[in-house]
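Visitor: no sequence for this one, just the structure:
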């Protein structure tokens, strides 16, 4: 058994699904709201669809918590663009590590034969 030290990023975990997908998308570069909605839907093959209410509520919460920032350089006349912050990057990496550990644990149970590895 290994003991994992806690980090400041751990306070944000587990991330809500919308926030996880927004951060993953922003890791590739700044995006405005509509681009975020369409790219998340494309990345998930339609499994995750962010409506405007969910998206903008999540963006506001993430701005307030310092996970993302407004990107003036990428913003257009009426569209605000967002970028991931260093904290946001650390948090999404910590979330991926957490989810990876969960999957590894599940694969070590009687569920393993039903969990195909890819």
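Guide: Cool, got the structure. Quantities reported herein were computed from a predicted structural model and do not represent experimental measurements.
Visitor: For the top helix by length along the chain, list every residue counted as buried.
Guide: Of all segments of type helix in the chain, defined using DSSP state H, the longest is helix 86-107. For helix 86-107, burial by neighbour count (16 or more other C-beta atoms under 10 Å) applies to 87-88, 90-92, 94-95, 98. Heads up, the C-betas are built off the backbone N, CA and C, glycines and all.
Visitor: Now do it: which elements does it pack against?
Guide: Contacting helix 86-107 under the criterion 3 or more C-beta pairs under 8 Å, 6 or more residues apart in numbering; DSSP states H and E are the following elements: helix 17-26.
Visitor: Report the angle between the helix it packs on and helix 86-107.
Guide: Following axes from the mean of the first three to the mean of the last three C-alpha atoms, to 10 degrees, one obtains 120 degrees for the angle between helix 17-26 and helix 86-107.
Visitor: which outside residues touch helix 17-26?
Guide: Residues lying outside helix 17-26 but in contact with it, judged by C-beta atoms under 8 Å, 6 or more residues apart in numbering, are 15, 31, 36, 39-40, 43-44, 48, 50, 54-55, 58-59, 61-62, 67-68, 82-84, 88-89, 91-92, 95.
Visitor: Name the residues of that helix that are buried.
Guide: Using 16+ other C-beta under 10 Å, the residues of helix 17-26 that count as buried are 18-26.
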